[in-house]
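>>> sequence first, predicted model second:
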Amino acid sequence: AKVLSNTVKQKRKEKAGKWSVPVPKVKPVADDEMFKVIKTGKRQKKAWKRMVTKVTYVGEGFTRKPPKYERFIRPMGLRFKKANVTHPELKTTVQLDILGVKKNPSSQMYTTLGVITKGTVIEVNVSDLGLVTPS
């Protein structure tokens, strides 16, 4: 059983992030810099709500939870749909649609929230470029 669990763990490690982050030594963004505390309740004394103060990516069919149950607010003004991507060989920069946030090196929570900071690995739609891969 031990060998089996080890092989499963090995497989998981292989499946996990295989991206080499272009900026590996990125200073992690602190929580107090990332979130702003939102006071709620009749007397503004409850402080469990947070507003994200950095750029985020939210999926296409995303609908907000009712405000009462929403812990993290991602403002509409900070939601990005496109990213400027530079092609290393062609040395050209193009604006492509973001498909998702793959890994934020600062924190796993930022990855799930879709926060984009320095060093974040994002997935973009390269079909617009019309690149032909040699097969």
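It's in.

>>> now do the end-to-end distance for stretch 55-64.
Counting by Cα to Cα, to the nearest Å, you get 17 Å between the two ends of stretch 55-64.

>>> pull the distance from whichever helix in the chain runs longest to the chain's centre.
For the chain, the helix that runs over the most residues, judged by DSSP state H, is helix 2-15. Counting by Cα atoms, centre = their mean, to the nearest Å, helix 2-15 is centred 26 Å from the centre of its parent chain.

>>> show me what secondary structure element comes after it.
Following helix 2-15 in sequence order, the next helix or strand is helix 31-34 (DSSP states H and E).

>>> as PDB, could you dump the C-alpha coordinates of the longest helix of the chain?
Extracted in PDB, the C-alpha atoms of helix 2-15 (Å, rounded to 0.1, in the frame of the first residue of the first chain):
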ATOM      1  CA  LYS A   2       2.900   2.300   0.800                       C
ATOM      2  CA  VAL A   3       4.400   1.800  -2.700                       C
ATOM      3  CA  LEU A   4       1.100   2.600  -4.300                       C
ATOM      4  CA  SER A   5       0.600   5.800  -2.300                       C
ATOM      5  CA  ASN A   6       4.100   6.900  -3.200                       C
ATOM      6  CA  THR A   7       3.500   6.300  -6.900                       C
ATOM      7  CA  VAL A   8       0.200   8.300  -6.700                       C
ATOM      8  CA  LYS A   9       2.100  11.100  -5.000                       C
ATOM      9  CA  GLN A  10       4.800  11.000  -7.700                       C
ATOM     10  CA  LYS A  11       2.100  11.200 -10.400                       C
ATOM     11  CA  ARG A  12       0.500  14.200  -8.700                       C
ATOM     12  CA  LYS A  13       3.900  16.000  -8.500                       C
ATOM     13  CA  GLU A  14       4.400  15.300 -12.200                       C
ATOM     14  CA  LYS A  15       0.900  16.700 -13.000                       C
END
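
>>> which residues in the protein form strands?
Along the chain, counting by DSSP state E, strands occupy 35-40, 46-52, 72-73, 82-87, 92-103, 121-124.
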